[in-house]
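[1] here you go, sequence then predicted model.
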There are 4 protein chains.
Amino acid sequence: MIFGLETSRDIIAAARAYGAEQGFKPLTVVVLDQGGDLLAAEREDGSSNKRFEIARGKAHGALALGLGSRALMARAEQQPYFVTAAAAAIGGSLVPVPGGVLVRDSGGTLLGAVGISGDTSDNDEAAALAGIASVGLVGQPD
Amino acid sequence: MIFGLETSRDIIAAARAYGAEQGFKPLTVVVLDQGGDLLAAEREDGSSNKRFEIARGKAHGALALGLGSRALMARAEQQPYFVTAAAAAIGGSLVPVPGGVLVRDSGGTLLGAVGISGDTSDNDEAAALAGIASVGLVGQPD
Amino acid sequence: MIFGLETSRDIIAAARAYGAEQGFKPLTVVVLDQGGDLLAAEREDGSSNKRFEIARGKAHGALALGLGSRALMARAEQQPYFVTAAAAAIGGSLVPVPGGVLVRDSGGTLLGAVGISGDTSDNDEAAALAGIASVGLVGQPD
Amino acid sequence: MIFGLETSRDIIAAARAYGAEQGFKPLTVVVLDQGGDLLAAEREDGSSNKRFEIARGKAHGALALGLGSRALMARAEQQPYFVTAAAAAIGGSLVPVPGGVLVRDSGGTLLGAVGISGDTSDNDEAAALAGIASVGLVGQPD
């Protein structure tokens, strides 16, 4: 299986469908490859201007440190200066709240990450997990 | 008509279909709203790591100065220091070669921009124009 | 004695061996010269994408302020705004948690710094100290 | 085969041995993974302060645009404003002279890149190619 554009589009479609079913606010969904570069992104109408940057920062930060962004939030609550410094050291794209989920195959190999922003962080994460599960892959939220 | 996600997805699909018909190399297609913020983006498999940043820079630069990126190239050939300085002044996302096309409605109202990178700049621009025309809007390449 | 590439390689090998013996997670080890510029770096397989930037930020920040990064953490806990501002002032590469250790000779002369990231900050620091001691030099963690 | 740290170390060792045999000036050798993140780097004694940044910029730029850095030089000679703008758009790490060589396996799959700086650009590139060939992989210089 290639973790490329078609899989990314399927993840986005399933995450958006989940958000619509649950009545979430408009979402922005970003899929990054293992190196942190963009594969696909969609911002739903009504999702605010910089939601792309927030969603990307969740996914990019997760890949940078090898942890879902929920774990980055836990670290930020204990050592906010660490997370601020890490974000600066890697160029800024690191947003430490839930909604950045690592994507692995069934064997545990890291394939990329999904970042979502638009509703509550918990709901953003739930949509990311739904999107990832829909293509038979495994989401790691923390 | 709303220039939002569904129109953006249609533009991307048509631009990619045009590229495939013409035998172009894998493309990265970005659609930005009038404020320069992302609506949607897709990077085809085989399109290199930072093609998203290049494609966005074409569209973002076009919106920044109100000219298609072909006109930015003409300006760069005459006054390279201006374009370098303008790019720095706006934060770096301005790539002055063809492939960044403003999107207007039939009355001339500015709606956003499409940026494409992956093949030659001329071919990138042709794909952007094809995508914009497919939804009944008007592309301004220069 | 020259604090150059061969000494750096020896430090990295010893730090990695220590980490393996102790069962640490995959480490990224960076050695900088007295001016804060890179001498050598190795990222073990499984160490996440931006661990190099984090490890470098520990060592670079230590050299910047003349204190091991454990002391930078103490300062960050008292005056987080100072550390955030200092990081910005020096261009971003300052990560104030343990694992950035100054390297001195037996007479106290500053030679450079070692930065490690991958396991807990305390373990990262222990590996740095082991690496520095292995070549007969003195590590200053705070 | 995993393109990880041990392969990177072997490439660096072979590139440095080649440079020594040929009487090149001190080299800095950097190996990046496919996503542009560091795997390993060594700066030989006498290689100047920021050679790491130059060598990384050759390899990082090559991966960004999917071309060896010799091809980026050709583009820079034709359209200097494009390369300046592309460097800014991707965050600065793009150095368009020979010495940044893509690494592919025998089937053509992209694995990463090697960047070298220290002697002439042509010699830097020759050392990179020698290092890549030594591990049975294929270097793409343009």
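    Yep, that arrived.

[2] all contacts plus neighbour counts: C-alpha atoms, from now on.
    OK.

[3] any idea how many residues pack against A:Leu110?
    Residues within reach of A:Leu110, counting by other Cα atoms under 10 Å in any protein chain shown, total 20.

[4] bridged to it, which residues?
    Beta-bridge pairing of A:Leu110 under DSSP bridges involves A:Arg104.

[5] distance of it from chain B?
    Using Cα to the nearest Cα, to the nearest Å, A:Leu110 is found at 17 Å from chain B.

[6] so that residue sits right up against A:Gly68, yeah?
    No. With contact defined as Cα atoms under 8 Å, A:Leu110 does not count as touching A:Gly68 (11.8 Å).

[7] report the set of residues contacting both of these two.
    By Cα atoms under 8 Å, 6 or more residues apart in numbering or on different chains, A:Leu110 and A:Gly68 have these common neighbours: A:Leu102.

[8] which residues of chain A lie near chain C?
    Residues of chain A lying near chain C by Cα under 8 Å from any Cα of the partner chain: A:35, A:63-66, A:81-82, A:84-86, A:88-91.

[9] could you list the contact residues of chain A toward chain D?
    Counting by Cα under 8 Å from any Cα, the positions of chain A adjacent to chain D are A:34-37.

[10] which one of those sits closest to chain D?
    Closest approach to chain D among the residues of chain A next to chain D (Cα to the nearest Cα): A:Gly35, at 3.8 Å.

[11] next one: the most far-flung residue of chain A relative to its centre from C:Tyr81, what distance?
    Within chain A, the residue lying farthest from the chain centre (Cα atoms, centre = their mean) is A:Tyr81, at 22.4 Å. Separation of A:Tyr81 from C:Tyr81 (Cα to Cα, to the nearest Å): 9 Å.

[12] same deal with A:Leu72?
    20 Å.

[13] and if you look at A:Ile54?
    Relative to C:Tyr81, A:Ile54 is positioned 23 Å away (Cα to Cα).

[14] now do the helices in chain A.
    All helices of chain A, identified by DSSP state H, fall at A:5-22, A:51-65, A:69-78, A:80-89, A:121-134.

[15] can you redo the ones you listed as JSON lines with mean pLDDT?
    Supplementary listing: the helices of chain A in JSON lines, determined by pLDDT from 0 to 100:
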{"stretch": "helix A:5-22", "mean pLDDT": "98"}
{"stretch": "helix A:51-65", "mean pLDDT": "98"}
{"stretch": "helix A:69-78", "mean pLDDT": "97"}
{"stretch": "helix A:80-89", "mean pLDDT": "96"}
{"stretch": "helix A:121-134", "mean pLDDT": "98"}
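
[16] need the contact list for the closest residue to A:Lys50 other than its chain neighbours.
    In this structure, A:Lys50 finds its nearest non-sequential neighbour in B:Asp37, 6.7 Å apart by Cα to Cα, 6 or more residues apart in numbering or on different chains. Going by Cα under 8 Å, 6+ apart, B:Asp37 touches A:49-50, A:52.

[17] output these as CSV; include the columns neighbour count.
    As requested, the contacts of B:Asp37 are exported to CSV (neighbours: other Cα atoms under 10 Å in any protein chain shown):
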residue, neighbour count
A:Asn49, 15
A:Lys50, 14
A:Phe52, 25
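
[18] ok, so of the residues you listed, who is nearest chain D?
    Set against chain D, the nearest of those by Cα to the nearest Cα is A:Phe52 (16.7 Å).

[19] neighbours of the closest residue to that closest one other than its chain neighbours, just the number please.
    Spatial nearest neighbour of A:Phe52, excluding adjacent residues (Cα to Cα, 6+ apart): A:Thr28 at 6.1 Å. Counted with other Cα under 10 Å, residues neighbouring A:Thr28 total 32.

[20] give me the beta-bridge partners of A:Thr28?
    Taking DSSP bridges as the rule, A:Thr28 bridges to A:Arg43, A:Ser117.

[21] just the local confidence number for it, please.
    The score at A:Thr28 is 98. That number is its pLDDT.

[22] give the contact list for the residue nearest the centre of chain A.
    For chain A, the residue nearest the mean C-alpha position is A:Gly115 (1.8 Å; Cα atoms, centre = their mean). When contacts are counted by Cα under 8 Å, 6+ apart, A:Gly115 touches A:29-31, A:55-59, A:99-101, A:128.

[23] which pair of the residues you listed spans the longest distance?
    A:Gly57 and A:Ala128 (14.2 Å; Cα to Cα).

[24] counting neighbours, go ahead and name the busier of the two.
    The neighbour count for A:Gly57 versus A:Ala128, taken as other Cα under 10 Å, is higher for A:Ala128 (36 against 27).

[25] right, and A:Arg16 touches A:Ala126 too?
    No. Here A:Arg16 does not reach A:Ala126: they are 10.9 Å apart, not a contact under Cα under 8 Å.

[26] more neighbours: the two, which one.
    More crowded of A:Arg16 and A:Ala126, by other Cα under 10 Å: A:Arg16, with 25 against 20.
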